[in-house]
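*Asks:* Build me a structure from this.
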Amino acid sequence: MSVSFYWRLPGPDDVRNRAFDALAGGSPARLPAVHDIRNGRYGSFDHVAQVARAAELAAFDGIIAADDPGGDASLITLGALAREVRRVRLIATFSPGIGSAVYAAKKAVSFQRYTGNRFGWALQSAPDAARRRSLGDFVTDADLATRLEEFLVVARGVVESERFSYDGRFFGVLDGGFQGPLSGRPFPELTLSGDSDAALAQSARLADVHAFNLGTTDLAARIGALHAQARSHGRTVEVALRARIVSHPDGQRARLEAARAGIADAPDLITGSYDEVAARIEALHGLGVQRFELSAPRSLDEVYRTGEHVLPRVRRLIGKEAA
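*Replies:* Numbers count the residues shown, from 1 in each chain. This is a model prediction of the structure:
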């Protein structure tokens with residue numbers, strides 16, 4: 001069973017991102033990603049771009065931009081980064097409540113066109129109704145699953161057909177589709193998430209990847225249930241795991257850094273020495289996790305440490321299993 005590693009880009013919770021925003025004083029970011037840090041010229045986007053380039057250099061397979069109400073729009077962030085990183089996959093997290101499914105599909109195929117088909121969607125809506133309403137989304141909890149499915153029906157329909165019609169409760173289109181340079185592009189890889197029975201059933205039918213959070217109760221059983229339901233539909237779904245990571249050559253130092261960041265007891269934390277962290281990831285891979293979506297409180301430091309010291313150890317351990 002193969003394994004891949006994705007890095008979740010820093011957002012407002014990253015201590016350095018906040019500091020660089022303050023230092024930049026509103027000065028616009030300028031490409032290329034790394035430039036003169038003097039005179040308030042280095043801002044949070046420059047930091048994010050460095051993290052993305054570090055992930056590519058450290059042999060990660062992809063980067064993920066979160067859908068954070070307090071942060072930048074994921075599609076804008078990845079659009080700015082697409083020419084900074086030329087190999088890794090680019091996953092945008094957003095809600096199907098953002099607006100037109102047809103326009104979302106058009107942005108997706110445009111993204112595919114300009115990135116060599118490296119684009120993916122991670123769809124999720126805020127679980128809190130009050131938060132959704134603050135974003136202009138008034139769909140009820142009971143209707144979230146239906147809306148998601150309709151969004152995908154319309155988006156996939158106009159990507160895969162030049163004349164597609166659909167009339168649903170939340171989305172509709174009449175004779176929609178793309179021609180010319182936007183036609184023939186692959187639909188973005190789709191990641192869904194959640195650990196409820198309903199979420200697993202939906203992913204089994206629709207998703208390419210299903211993401212759990214580290215700390216999910218009965219993770220192995222949940223993975224088994226997902227695979228069984230996917231097989232009943234004649235499909236396979238890749239299993240991803242979201243976790244925060246703090247590693248260091250000295251395990252005690254790693255745990256101290258996690259405590260300083262206030263996450264020492266977080267259920268989604270993997271921490272310890274490089275060997276300890278690699279062993280934990282290898283054990284989770286043994287439960288059926290194929291993709292690890294990692295993040296850290298100090299993203300730039302950790303993406304290098306993880307890429308240079310942890311991932312090679314994990315790959316060696318998994319290689320020995322396969323031999």
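
*Asks:* Can you classify the nearest residue to G97 once chain neighbours are set aside by secondary structure?
*Replies:* Leaving aside its chain neighbours, G97 sits nearest to D137 (3.9 Å; criterion: Cβ to Cβ, 6 or more residues apart in numbering). Every residue, glycine included, has its C-beta placed from N, CA and C. When classified by DSSP: H, G, I helix; E, B strand; the rest coil, D137 comes out as coil.

*Asks:* Same question for T93.
*Replies:* strand.

*Asks:* repeat for the one 4 residues further on
*Replies:* Remark: G97 carries the secondary structure label helix [criterion: three-state DSSP].

*Asks:* how much space between it and L148?
*Replies:* Here the criterion is Cβ to Cβ, to the nearest Å. By it, G97 lies 9 Å from L148.

*Asks:* just V289 next, same as before
*Replies:* 24 Å.

*Asks:* and after the helix or strand of the chain with the lowest mean pLDDT, which helix or strand comes next?
*Replies:* None of the helices or strands of the chain scores lower by mean pLDDT, DSSP states H and E than helix 15-24, at a mean of 56. Sequence-wise, the next helix or strand downstream of helix 15-24 (DSSP states H and E) is helix 44-57.

*Asks:* Just checking, which helix or strand succeeds that following helix along the chain?
*Replies:* Following helix 44-57 toward the C-terminus (DSSP H and E): strand 62-65.

*Asks:* Dump the C-alpha coordinates for that next one into PDB.
*Replies:* Taking C-alpha atoms only, strand 62-65 is exported to PDB below (Å, rounded to 0.1, in the frame of the first residue of the first chain):
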ATOM      1  CA  GLY A  62       1.100  18.100  -2.400                       C
ATOM      2  CA  ILE A  63       0.000  21.200  -0.500                       C
ATOM      3  CA  ILE A  64      -3.400  22.100   0.900                       C
ATOM      4  CA  ALA A  65      -4.900  25.500   1.400                       C
END
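
*Asks:* Tell me the pLDDT of S2.
*Replies:* Per-residue confidence at S2 stands at 89 (pLDDT).

*Asks:* shouldn't it be in contact with Q290?
*Replies:* Yes. With contact defined as Cβ atoms under 8 Å, S2 reaches Q290; the gap is 6.3 Å.
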